[in-house]
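Enquirer: Attaching a predicted model along with its sequence, questions to come.
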Amino acid sequence: MDVDGGPAERKVTCPGEVLTSAQDFMRGHGTYVDDENVVASVAGTMERVNKLVTVKAVRTRYNAQVGDLVVGRISEVQPKRWKVDANARQDAVLMLSSVNLPGGVQRRKLESDELQMRSFFEEGDLLVAEVQAFFGDGSMSLHTRSLSYGKLRNGQLVVVSPNLIRRLKSHFITLPCGVDLILGLNGYIWVSKHVRQSDREGEEGFDAEAVYSNQNDVIDDATRTAISRVANIIRILATRFIPLSDSILLQAYEWTIEQDHQVPDLLQEDFGDALVASVTNL
Amino acid sequence: MSSRVEILNEGGYRSDGRKQYELRDMAVDLSQQGAADGSATLSHGLTQVQASVFGPREAKLRSQTFYDRATINVELSIASFSTGERRKRSRNDKRTLELAAAIKSTFEPVVQTNLYPRTQIDIYIQVIQQDGGLLQACINATTLALACAGIPLLDFVCAVTGGVHSTSSMLDLTTLEENDLPYVTVATMPSSGKVTLATMETRLHVDRFEEIFRLACDAGQVIHKEMRAALRTRTAVLLAAVQSTTVPSGDAGGDKDDEPMYEYR
């Protein structure tokens, strides 16, 4: 990240601020050219790579890239496709042809599948998917053709700013307290009960009942508490604009356990400040 | 003169103790409100408004979807307790709709809508308190909220009202002054000096107009300074928070290779 511009290159900008001359530099995202000057159009940091000047906004909606892992919510069922709200500028599209259907990965999609699309995903269902491609108008196409993707259950959703999610080696995180986390790059985070991978996949590799089920498993009280605790920690860090990563979350979780506080206490202002102070060098 | 209160006394002071060209105190709060992408609470003296921006997001109506740009949708609501006399305004109140339309047309040339085709940018403005300069406060709050949401703007839009009392012009009028004086609201883009809005509801002598107009443009520069300082502070705070964990998590990321117990897959 820091390769292209050291701290000296970082400059805070405001809309309408003249950055450099347009004759010597090229304008990138977050800038425009006005009267031979490159001018910033968003509030953020200026970055320069050779002759290209860009401004990266501190807070924006999610800008998708192919291969990103996202968590989304079905907003509409349309012919052969689902519309998915993924915190981006436009709703994403999940084609019927890019989901795994019961009866094997290689199965052809039939007309009957099209008629019973709501039995797979209904409006309001949450799912985890990967960005597959972009359409001409900039909206993204998703796919769930992997055993780790699909419908979500056994947990709760926490929404944070997408700028807080760093790209990690894996966005599926298991905390030692029996909580699974899916850090969607679009800022939607799924906090759920830990399910062993073998259970997720089923015996013959793909268990349709389990994948498209709307029923939660039995979740014991300890797990419920742990899920709420993790969700509250994420909320605290998000309100203070701390980027989330597995190490920070784990550190914060251990700290709250040490402090021996009840879960609802976590959301108190002073406690949040103490938590943030303990995990960052702010 | 209908009012019992002197608008401008012999010492050159106005009813609230300000000089002719003095602006009221400005307070800006840019902290996040609810699920909004960007929000700002701004007050000019006793006038206080809160603006929230959502989007760019999927346009709700097919008719509002344009293949080459985003639509801007402004909704203004005035709290019934915001004025001295309690008065409930309906959603379709003529005056409210007119203000919303003025705000929309002010921002259409400033927001780079062509970058976000087929989307919609929603701006919700809540008026909490009014004491004159309502449109000016709404425009300034909206500018900050849009900037906070990371929506590309050509420039800030800074609005201010200017009025004239017999022959002496004054800036940033209160309700008391607005009731008695002819006034103009001018919204400028301070870096380029362009004017995106000039509106008045009262009659103003044409000889006075230019003077007030120039004065309001100059006052826009002052307001711009305040707004930019607030936005810069906010941006710097967020950046500091983002960078606060950079060093430790970078180290942890490197160490992660030998302790894969918290990951599966």
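Expert: Nice, I can see it. Numbers count the residues shown, from 1 in each chain, chains lettered A, B, ... in the order given.

Enquirer: Around chain A, which positions in the stretch 51-200 of chain B sit nearby?
Expert: B:55-58, B:67, B:112, B:116-119, B:147-156, B:189-192 (CB under 8 Å from any CB of the partner chain). In short, each C-beta sits where N, CA and C put it, glycine included.

Enquirer: What's the PyMOL line that selects buried ones from the residues you listed?
Expert: PyMOL command restricting those to the buried ones, with burial defined by 16 or more other CB atoms under 10 Å in any protein chain shown:
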select buried, chain B and resi 55+56+57+58+112+116+117+118+119+147+148+149+150+151+152+153+154+155+156+189+190+191
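
Enquirer: So which of the residues of the stretch 51-200 of chain B next to chain A sit within helices?
Expert: B:Ala147, B:Cys148 (DSSP state H).

Enquirer: Out of the helices and strands in chain B, which is least certain?
Expert: Every helix and strand of chain B was ranked by mean pLDDT, DSSP states H and E. The lowest is helix B:246-255, at a mean of 43.

Enquirer: And the helix or strand where A:Ile257 lies, what's buried?
Expert: For A:Ile257, the element it lies in under DSSP states H and E is helix A:246-259. For helix A:246-259, burial by neighbour count (16+ other CB under 10 Å) applies to A:Asp246, A:Ser247, A:Ile248, A:Leu249, A:Leu250, A:Gln251, A:Ala252, A:Tyr253, A:Trp255, A:Thr256.

Enquirer: what about the stretch 1-150 of chain B, any weak spots by pLDDT?
Expert: Scanning the stretch 1-150 of chain B for pLDDT under 70 picks out B:1-4.

Enquirer: at 50 instead, please
Expert: By pLDDT under 50, the low-scoring segments of the stretch 1-150 of chain B are B:1.

Enquirer: residues near the closest residue to A:Gly44 other than its chain neighbours, how many?
Expert: Residue nearest to A:Gly44 in three dimensions, not counting chain neighbours: A:Ala57, with 4.1 Å by CB to CB, 6 or more residues apart in numbering or on different chains. Burial of A:Ala57 is recorded as 24 neighbouring residues (other CB atoms under 10 Å in any protein chain shown).

Enquirer: Report the contact partners of A:Ala57.
Expert: A:Gly30, A:Val42, A:Ala43, A:Gly44, B:Gly150 (CB atoms under 8 Å, 6 or more residues apart in numbering or on different chains).

Enquirer: ok, the third one to chain B distance?
Expert: To tie it back to what came earlier, the one meant is A:Ala43. Counting by CB to the nearest CB, to the nearest Å, the gap from A:Ala43 to chain B is 5 Å.

Enquirer: what bridges to A:Lys56?
Expert: A:Thr45 (DSSP bridges).

Enquirer: Show the contacting residues for it.
Expert: So A:Lys56 contacts A:His29, A:Gly30, A:Gly44, A:Thr45, A:Glu47 (CB under 8 Å, 6+ apart).

Enquirer: Among these, which one sits closest to B:Ile128?
Expert: For the contacts of A:Lys56, the minimum distance to B:Ile128 (CB to CB) is 29.0 Å, reached by A:Gly44.

Enquirer: Cross-check the contact I'm expecting between that closest one and B:Gly150.
Expert: Yes: A:Gly44 is within contact range of B:Gly150, at 7.3 Å (criterion: CB atoms under 8 Å).

Enquirer: shared neighbours, these two?
Expert: By the contact definition CB under 8 Å, 6+ apart, A:Gly44 and B:Gly150 are jointly contacted by A:Ala57, A:Val58.

Enquirer: What strands flank whichever strand or helix holds A:Gln132, and is each parallel or antiparallel?
Expert: Under DSSP H and E, the secondary-structure element containing A:Gln132 is strand A:126-134. In the sheet, strand A:126-134 lines up against strand A:69-78 (antiparallel), strand A:140-143 (antiparallel), strand A:150-151 (antiparallel) (DSSP bridges).

Enquirer: residues of the longest helix anywhere in chain B that come out buried?
Expert: The single longest helix within chain B, with elements called by DSSP H, is helix B:206-243. Applying a neighbour-count criterion of 16+ other CB under 10 Å, one finds B:208-209, B:212-213, B:215-217, B:219-220, B:222-224, B:226-228, B:230-231, B:234-235, B:238-239, B:241-242 buried in helix B:206-243.

Enquirer: Stretch A:163-179 now?
Expert: Under 16+ other CB under 10 Å, the buried positions of stretch A:163-179 are A:163-166, A:168, A:170-175, A:177, A:179.

Enquirer: Would you list the phi and psi of the closest residue to chain A within the stretch 1-150 of chain B?
Expert: Nearest residue of the stretch 1-150 of chain B to chain A: B:Gly150, at 3.5 Å (CB to the nearest CB). Main-chain torsions, B:Gly150, degrees, to the nearest 10: phi 70, psi 20.

Enquirer: does it really touch B:Gly38, like I thought?
Expert: Yes: proximity of B:Gly150 to B:Gly38 meets the contact threshold set by CB under 8 Å, at 7.1 Å.

Enquirer: rewinding a little: now, which of the buried residues of stretch A:163-179 sits nearest B:Tyr21?
Expert: For the buried residues of stretch A:163-179, the nearest to B:Tyr21 is A:Asn163 (40.9 Å; CB to CB).

Enquirer: Could you pull up the residues touching the closest one?
Expert: A:Asn163 sits in contact with A:Val58, A:Arg59, A:Thr60, A:Gly187, A:Pro243, B:Val242, where contact means CB under 8 Å, 6+ apart.

Enquirer: what's the closest of these to A:Asn216?
Expert: Closest to A:Asn216, out of all of the contacts of A:Asn163 and judged by CB to CB, is A:Gly187, at 23.9 Å.

Enquirer: coming back round to it: save the buried residues of helix A:246-259 as JSON lines, and put in distance to A:Asp221 and pLDDT too.
Expert: Formatted as JSON lines, the buried residues of helix A:246-259 follow (distance: CB to CB, whole Å; pLDDT from 0 to 100):
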{"residue": "A:Asp246", "distance to A:Asp221": "25", "pLDDT": "86"}
{"residue": "A:Ser247", "distance to A:Asp221": "28", "pLDDT": "87"}
{"residue": "A:Ile248", "distance to A:Asp221": "26", "pLDDT": "89"}
{"residue": "A:Leu249", "distance to A:Asp221": "22", "pLDDT": "90"}
{"residue": "A:Leu250", "distance to A:Asp221": "22", "pLDDT": "89"}
{"residue": "A:Gln251", "distance to A:Asp221": "25", "pLDDT": "90"}
{"residue": "A:Ala252", "distance to A:Asp221": "22", "pLDDT": "91"}
{"residue": "A:Tyr253", "distance to A:Asp221": "18", "pLDDT": "90"}
{"residue": "A:Trp255", "distance to A:Asp221": "22", "pLDDT": "90"}
{"residue": "A:Thr256", "distance to A:Asp221": "17", "pLDDT": "89"}
